[in-house]
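Colleague: From the sequence below, what's the structure:
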Amino acid sequence: GVSVPDIINPAANNNKRIVWREVEPIANDPDQPYNLRLQLAVRAGIGLAAGVKFQFRGTTGLVIYMARAKTDVTKLKSATNEQYLLSAADVIGSIAALRGPRHVCLEERRAEKESVRRRVRLRLI
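Modeller: Below is the predicted model:
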């Protein structure tokens, strides 16, 4: 059977192709542990899933795309759609990479504000 890691196998995306997998066979595979989220996705009509790995300035992650069971697979797998989804994963990766520097910047600003507040308070007393 196909396992959940097969859906999101980053090795399959090294050549920058998106590999779509059927969700229902994975959800119903007796060799796989029960996964409520996967069962609910099938019940909601999700029929296909694919994962695209991203790496941007030291931040790595995975974007999981899902499609309805009745989606036109030829359109889904078209070169223009694949390029769009790969580019979207890059954008999502760049946004994820902003989190670390943003938190550092916010902490510096808070510390600076606190330092100014202390100096003003000392001068007023």
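Colleague: Could you use CA atoms for every contact and neighbour count after this?
Modeller: Fine.
Colleague: what ranges do the helices span in the chain?
Modeller: Along the chain, counting by DSSP state H, helices occupy 4-7, 23-27, 36-43, 73-76, 79-124.
Colleague: What helices and strands are in contact with the second one?
Modeller: Using 3 or more Cα pairs under 8 Å, 6 or more residues apart in numbering; DSSP states H and E, the elements in contact with helix 23-27 are helix 36-43, strand 46-56.
Colleague: center of the chain, which residue is that?
Modeller: residue 63 (2.8 Å; Cα atoms, centre = their mean).
Colleague: list the contacts for it?
Modeller: 51, 52, 53, 54, 89, 92 (Cα atoms under 8 Å, 6 or more residues apart in numbering).
Colleague: Please produce CSV containing those, extended by distance to residue 107, pLDDT and neighbour count.
Modeller: What follows is these, written out as CSV (distance: Cα to Cα, whole Å; pLDDT from 0 to 100; neighbours: other Cα atoms under 10 Å):
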residue, distance to residue 107, pLDDT, neighbour count
51, 33, 93, 25
52, 32, 93, 26
53, 30, 92, 22
54, 27, 90, 22
89, 28, 93, 22
92, 24, 94, 16
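Colleague: farthest pair in the residues you listed?
Modeller: Pairwise distances across the contacts of residue 63 (Cα to Cα) peak at 12.9 Å, for the pair 51 and 92.
Colleague: now residue 39, nearest residue through space, not along the chain?
Modeller: Nearest residue to residue 39, sequence neighbours excluded (Cα to Cα, 6 or more residues apart in numbering): residue 27, at 5.9 Å.
Colleague: Sorry, wrong one. I was asking about residue 97.
Modeller: Residue 97's closest residue in space is residue 59 (Cα to Cα, 6+ apart), at 5.4 Å.
Colleague: what about residue 50, neighbour count?
Modeller: Neighbours of residue 50 under the rule other Cα atoms under 10 Å: 22.
Colleague: So what sits opposite it in the bridge?
Modeller: residue 65 (DSSP bridges).
Colleague: My read is that it contacts residue 66, right?
Modeller: Yes - using Cα atoms under 8 Å, residue 50 is in contact with residue 66, at 6.5 Å.
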